[in-house]
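Trainee: predicted structure and sequence below. I'll ask about it afterward.
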Amino acid sequence: AEHSHPVTAIATGQCDGGGAGIVVSGSADRTCKIWTLGGGHLLRTISLPAAVCAVAVDACEATLYAGAADGRVFEVPLNASAAIGEAAAATATAAGS
């Protein structure tokens with residue numbers, strides 16, 4: 001469940017009481033991992049086409065933004081219905097930047 005390369009970015013959700021709260025870690029291994037804030041359990045791993053150097057989560061914890069070492073920014077929906085095509089969406093969003 002751990003990253004295979006150094007963690008280069010970390011962000012937390014708003015944790016306003018509306019949800020369980022998440023922590024997102026980004027890594028040089030080209031992944032972002034979504035963890036529960038309270039227990040540190042891995043919820044998801046998102047693979048991207050470039051090393052990650054910055055991450056942010058919107059206020060509703062619905063969208064992840066990942067800045068890559070090559071200058072691209074990936075927008076990845078975190079809700080269940082959008083997760084099916086997240087890799088294609090992330091690639092398409094970065095290509096349009």
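Mentor: The structure has been received and is ready for your questions.

Trainee: just for the chain, where's the confidence low?
Mentor: 1, 15-20, 80-97 (pLDDT under 70).

Trainee: can we see that at 90?
Mentor: Residue ranges of the chain with pLDDT under 90: 1-2, 13-21, 37-40, 59-61, 78-97.

Trainee: what about the strands in it?
Mentor: 7-12, 22-27, 31-36, 42-47, 52-57, 63-68, 73-77 (DSSP state E).

Trainee: can you tell me the distance between the two ends of stretch 13-25?
Mentor: Using Cα to Cα, to the nearest Å, the end-to-end distance of stretch 13-25 comes to 12 Å.

Trainee: what's the answer for stretch 30-43, then?
Mentor: First-to-last distance for stretch 30-43 - Cα to Cα - comes to 17 Å.

Trainee: ok, and what's touching that stretch?
Mentor: If you take Cβ atoms under 8 Å, 6 or more residues apart in numbering as the criterion, stretch 30-43 is touched by 1, 3, 12-13, 15, 20-27, 44-52, 55, 64, 66, 76, 78. In this view, the C-beta of every residue, glycine as well, is placed from N, C-alpha and C.

Trainee: pull out the buried positions in it.
Mentor: Arg30, Thr31, Cys32, Lys33, Ile34, Trp35 (16 or more other Cβ atoms under 10 Å).
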